[in-house]
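J.: build me a model:
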Amino acid sequence: MSQDYTNPAFKKLLQKLQEESWQLELLISGFAIFGLYSALSTIEIEVMDAQLSQQIYAFVVYSILWASCKILIFNLLLHVLLRGLWIGALGLRYVSGDIDYDSLKYSPKFTKYLKKRVGSFDKYIATLENYCSVIFAITFLLIFYVLAITFTIVTIALIANYLLDSDDLPDWLSKGVGITLMLFVVFGMFFTLIDFLTLGFLKKKKWLSRIYFPIYWVFSFITLSFLYRPLVYNFLDNKFGKRLSLALVPFYILIALTQTIRYKTSNYFGIDSTSSEIIANNNNYEDLLTETSFIDDVAIQSKVITDDYVKVFVQFNENIENRMYIYNKGLKPNDDQRGLGSNITFNGGPIIDSKKRDSLRKEYIKTFNDIYYVKIDTMVYTSEFIFASNIQNKPGFESYVPTKNLSEGKHVLRVRRKAIKDQDTTYWNVATIPFWYFKD
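T.: As a prediction, this is how the structure comes out:
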């Protein structure tokens with residue numbers, strides 16, 4: 001079976017499949033465009049969520065997926081457009097045949113120019129066919145490039161979490177092997193990118209190719225390039241495919257730039273302006289949150305308060321926990337388990353002293369309340385935050401402030417925290433949220 005590709009009958013079958021592949025291309029393009037558009041909004045939500053939660057790994061991965069979806073949609077729409085033009089050209093050729101320049105009765109100058117520049121209608125159809133086939137192949141090759149980037153990031157994260165940050169391994173293994181592997185992967189990623197952008201420059205020089213070969217071999221497994229390498233080299237040995245691949249790069253850059261374009265309706269205000277004494281951003285009010293919006297650091301229940309309390313929710317992120325360790329050294333664990341990890345445990349996992357755990361949790365909350373406090377107008381309230389989740393099931397710290405001493409009308413709530421700068425204790429503003437209080 002491994003030699004079937006040399007069989008003339010197999011080559012004849014391939015030729016037939018090539019001629020009829022356009023039907024499958026259109027079918028796959030249609031399904032892919034629909035699926036990508038459906039997934040795009042979900043990915044955008046995950047990007048915003050990861051950014052606000054300061055989950056760096058998730059943010060990088062989802063950002064790559066988001067950019068890839070945009071590029072794939074652009075490629076597939078371009079493919080469908082050109083393939084539709086190709087089908088139209090075929091139909092016109094059936095009716096009208098080739099271009100008869102003499103029947104147009106143009107002057108000799110224009111007739112000569114058009115024959116040279118426009119040429120045969122069959123040549124035009126063949127050129128469209130080449131464009132369609134190459135763009136379709138490039139589109140799905142991009143999926144593998146996305147996987148390559150993702151797996152490289154995952155490799156770096158795994159080395160950092162399971163070797164460099166591991167307290168269970170001896171130093172020679174954790175630091176020695178970990179740092180060596182990290183440097184190899186980081187520099188290997190850099191050289192692989194250079195080789196990719198220069199279309200194989202590092203493979204062309206003898207002395208460079210000897211140095212690069214071990215990196216190339218390892219990264220062929222990390223990036224799964226052994227699965228699609230024949231497709232890549234088939235592009236590189238074809239001038240038309242190579243030129244078209246390079247010509248698409250400016251369009252990808254243009255797609256990325258268009259995402260930064262916004263129409264400004266005012267020189268002073270925008271819908272994404274941060275809440276302040278004179279600005280109310282919907283992301284600071286729980287009843288105004290939607291499926292595509294998330295809390296911006298702090299939120300209260302509503303712009304208009306009629307309850308006997310104001311619910312204050314401070315969204316959790318890793319920086320908050322880092323702050324806890326600075327102010328209370330006893331909270332910092334010997335084995336920091338934050339970051340990427342697995343729920344799989346062996347031998348039932350580590351034995352945890354429940355009393356000690358509860359004691360540390362209480363100390364954690366006490367430290368948080370020592371650092372953070374709530375202020376409405378000029379009145380400071382004693383913090384009584386506890387750990388909880390909000391209506392979007394996101395973790396954070398929740399407290400309730402009484403409104404019995406508030407007059408009806410507008411008020412400004414501030415959440416502030418301690419900060420140590422140049423050995424001096426200062427207070428930084430975390431959020432400023434305006435609201436209106438009216439008795440029910």
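
J.: remind me which residues of the stretch 151-300 of the chain are low pLDDT?
T.: Residue ranges of the stretch 151-300 of the chain with pLDDT under 70: 165-169, 172, 256, 259.

J.: can you give me the strands in it?
T.: For the stretch 151-300 of the chain, the strands defined by DSSP state E, counting those that start in this stretch occupy 298-300.

J.: those helices in it, which residues are they?
T.: Applying DSSP state H, counting those that start in this stretch to the stretch 151-300 of the chain gives helices spanning 171, 178-197, 201-204, 206-222, 229-236, 239-258.

J.: likewise the stretch 1-150 of the chain?
T.: 8-52, 56-96, 101-104, 108-117, 121-159.

J.: for the stretch 301-440 of the chain, same thing?
T.: So, for the stretch 301-440 of the chain - with DSSP H, counting those that start in this stretch - the helices run 318-327, 354-371.

J.: could you dump the ones you listed to a markdown table with mean pLDDT and distance to Asn284?
T.: All C-beta spots, glycine's among them, are computed from the backbone N, C-alpha and C. Formatted as a markdown table, the helices of the stretch 301-440 of the chain follow (pLDDT from 0 to 100; distance: least, C-beta to C-beta, whole Å):
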| stretch | mean pLDDT | distance to Asn284 |
| --- | --- | --- |
| helix 318-327 | 86 | 17 |
| helix 354-371 | 88 | 20 |
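
J.: make a markdown table from those helices and add mean neighbour count and distance to Leu147 to it.
T.: Converted to a markdown table, the helices of the stretch 301-440 of the chain look like this (neighbours: other C-beta atoms under 10 Å; distance: least, C-beta to C-beta, whole Å):
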| stretch | mean neighbour count | distance to Leu147 |
| --- | --- | --- |
| helix 318-327 | 14 | 27 |
| helix 354-371 | 13 | 39 |
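
J.: okay, those helices in TSV with distance to Tyr252 next?
T.: Conversion of the helices of the stretch 301-440 of the chain to TSV gives the following (distance: least, C-beta to C-beta, whole Å):
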stretch	distance to Tyr252
helix 318-327	32
helix 354-371	45
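
J.: distance from the chain centre to stretch 382-393, please.
T.: What separates the centre of stretch 382-393 from the centre of its chain is 28 Å, taken as C-alpha atoms, centre = their mean, to the nearest Å.

J.: can you list the buried residues in it?
T.: Across stretch 382-393, burial judged by 16 or more other C-beta atoms under 10 Å covers Ser383, Phe385, Asn390.

J.: pick the one among those residues closest to Asp335.
T.: Using C-beta to C-beta, the shortest approach to Asp335 within those belongs to Phe385, at 26.2 Å.

J.: still on that earlier bit, turn the helices of the stretch 1-150 of the chain into a markdown table, columns for distance to Asn283 and mean neighbour count.
T.: Listed next are the helices of the stretch 1-150 of the chain as a markdown table, based on distance: least, C-beta to C-beta, whole Å; neighbours: other C-beta atoms under 10 Å:
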| stretch | distance to Asn283 | mean neighbour count |
| --- | --- | --- |
| helix 8-52 | 9 | 14 |
| helix 56-96 | 17 | 16 |
| helix 101-104 | 63 | 10 |
| helix 108-117 | 56 | 11 |
| helix 121-159 | 28 | 17 |
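
J.: give the contact list for the nearest residue to Tyr400 once chain neighbours are set aside.
T.: Among residues not flanking Tyr400 along the chain, Tyr309 sits closest, at 4.4 Å (C-beta to C-beta, 6 or more residues apart in numbering). Shown in contact with Tyr309 (C-beta atoms under 8 Å, 6 or more residues apart in numbering): Tyr400, Val401, Pro402, Thr403.

J.: so what's the last one up against?
T.: For Thr403, the set of contacting residues under the criterion of C-beta under 8 Å, 6+ apart consists of Ile305, Asp307, Asp308, Tyr309, Val310, Tyr437.

J.: how does this structure divide into domains?
T.: 7-258, 282-338+352-437 (automatic domain parsing).

J.: dump the ones you listed into CSV; add distance to Tyr268 as well.
T.: Shown next, in CSV, are these (distance: least, C-beta to C-beta, whole Å):
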stretch, distance to Tyr268
domain 7-258, 25
domain 282-338+352-437, 17
